[in-house]
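Enquirer: with the sequence up front, the predicted model follows.
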Amino acid sequence: DAELQVSGALKSYSDNEGTMYHYGSLVCLNRPEDTLIDVLKHCNDQGEITGCIAQYDEIYFENYPYLAVKDGDKYFYIDTKGNIVSRSYKKVSTFNNLDYALIMDNLGDVYVINDQFKKLKKLEDVTDFRIEDTGETFDVDRNGSSLIFYYGP
């Protein structure tokens with residue numbers, strides 16, 4: 001039974017239960033760079049941060065084993081231990097509730113991928129997408145129009 005207080009601006013994510021600020025003992029702090037920490041390992045008794053799992057320009061925090069990351073002009077995925085688990089892309093989305101995500105390759109083509117990072121479907125005429133998924137769907141731009149895209153069973 002641990003009880004800690006951590007100072008800092010916490011990043012949040014939304015799921016079916018509402019707005020969440022942690023994933024087990026993992027939290028993501030919005031500092032000058034986003035910092036992923038395990039409060040049980042990286043905080044002292046005064047709530048001061050003594051280390052971190054990962055630190056990048058942006059970490060898209062969510063309740064999923066892989067987190068979307070932006071580092072400079074590159075996007076990729078890390079696991080909750082901070083290991084890079086995918087190659088770099090021009091852009092990525094978070095994984096949705098059905099274990100799918102969107103990636104944009106260096107040519108600007110957009111694909112649906114699974115949690116093994118396998119390309120499943122090329123999205124014709126899609127030129128951009130919102131990084132954060134919306135539950136089971138993604139917000140995409142196609143031919144200048146904003147659309148909701150669903151891929152799944």
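Expert: That came in fine, so what should we check first? Remember, predicted model here, so these are calculated numbers, not experimental data. Numbering: from 1, shown residues only.

Enquirer: for the rest of this, base every contact and every neighbour count on C-alpha atoms.
Expert: OK.

Enquirer: okay, now the unreliable bits of this protein?
Expert: 1-8, 15-17 (pLDDT under 70).

Enquirer: how about 80 then?
Expert: 1-10, 12-21, 47 (pLDDT under 80).

Enquirer: what's the burial count for residue 128?
Expert: Around residue 128 sit 20 other residues, with neighbours defined as other Cα atoms under 10 Å.

Enquirer: secondary structure element holding it?
Expert: Taking DSSP states H and E as the criterion, residue 128 maps to strand 126-129.

Enquirer: quick one: list the elements packing against that strand.
Expert: strand 110-113, strand 137-142 (3 or more Cα pairs under 8 Å, 6 or more residues apart in numbering; DSSP states H and E).

Enquirer: repeat that with 10 Å
Expert: Packed against strand 126-129, as judged by 3 or more Cα pairs under 10 Å, 6 or more residues apart in numbering; DSSP states H and E, are the following elements: strand 91-92, strand 101-104, strand 110-113, strand 137-142, strand 145-150.

Enquirer: next, the angle from the fourth one to strand 145-150.
Expert: When axes from the mean of the first three to the mean of the last three Cα atoms, to 10 degrees is applied, the directions of strand 137-142 and strand 145-150 differ by 140 degrees.

Enquirer: show me how far strand 137-142 is from its chain's centre.
Expert: 16 Å (Cα atoms, centre = their mean, to the nearest Å).

Enquirer: quick one: buried residues of that strand?
Expert: 137, 138, 139, 140, 141 (16 or more other Cα atoms under 10 Å).

Enquirer: contact partners for the residue lying closest to the last one once chain neighbours are set aside?
Expert: Leaving out its chain neighbours, the residue that sits closest to residue 141 by Cα to Cα, 6 or more residues apart in numbering is residue 128, at 5.2 Å. By Cα atoms under 10 Å, 6 or more residues apart in numbering, the contact set of residue 128 is 91, 102-104, 108-110, 139-144, 146.
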